[in-house]
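**Q** Have a look at this fold, sequence not included:
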């Protein structure tokens with residue numbers, strides 16, 4: 001299991017487009033992806049799950065990956081957050 005803390009850096013937060021980018025990226029890997037906010041844990045390969053987190057600007061999230069390519073998956077998702085989902 002790999003865990004990484006990320007912060008939502010784009011001012012609009014995680015809405016449909018960033019959620020779709022997360023799912024598209026996550027589906028390139030066989031590892032399971034979970035995203036945690038406070039006590040809520042969702043499947044990171046579900047657009048609706050990601051949107052229900054209600055992650056706004058500066059929200060801290062925990063990325064959890066499990067599987068054979070978990071480190072690559074976690075790094076790829078972390079990169080999306082660092083690049084502000086290529087929106088700014």
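**A** Thanks, I have it. Treat the numbers as computed from the prediction; the structure is a model and nothing was measured. Numbering: from 1, shown residues only.
**Q** what pLDDT does residue 73 get?
**A** What the model reports as pLDDT for residue 73 is 97.
**Q** do residue 24 as well
**A** You'll see residue 24 listed with a pLDDT of 96.
**Q** can you give me the offset of the helix or strand it falls within from its chain's centre?
**A** Using DSSP states H and E, residue 24 sits in helix 16-26. Relative to the chain's own centre, helix 16-26 is displaced by 8 Å; criterion: C-alpha atoms, centre = their mean, to the nearest Å.
**Q** quick one: contacts of that helix?
**A** Residues from elsewhere that reach helix 16-26 (C-beta atoms under 8 Å, 6 or more residues apart in numbering): 10, 12, 14, 33, 35, 44-47, 50-51, 73, 76-77, 80, 85-87. (Glycine included, C-beta is placed from N, CA and C.)
**Q** Which strands and helices lie in contact with the longest helix belonging to the chain?
**A** Taking DSSP state H as the criterion, the chain has its longest helix at helix 70-82. With contacts defined as 3 or more C-beta pairs under 8 Å, 6 or more residues apart in numbering; DSSP states H and E, the packing partners of helix 70-82 are strand 2-7, helix 16-26, strand 60-66.
**Q** Present these as TSV; the columns should include distance to residue 40.
**A** What follows is the helices and strands packed on helix 70-82, written out as TSV (distance: least, C-beta to C-beta, whole Å):
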stretch	distance to residue 40
strand 2-7	15
helix 16-26	15
strand 60-66	10
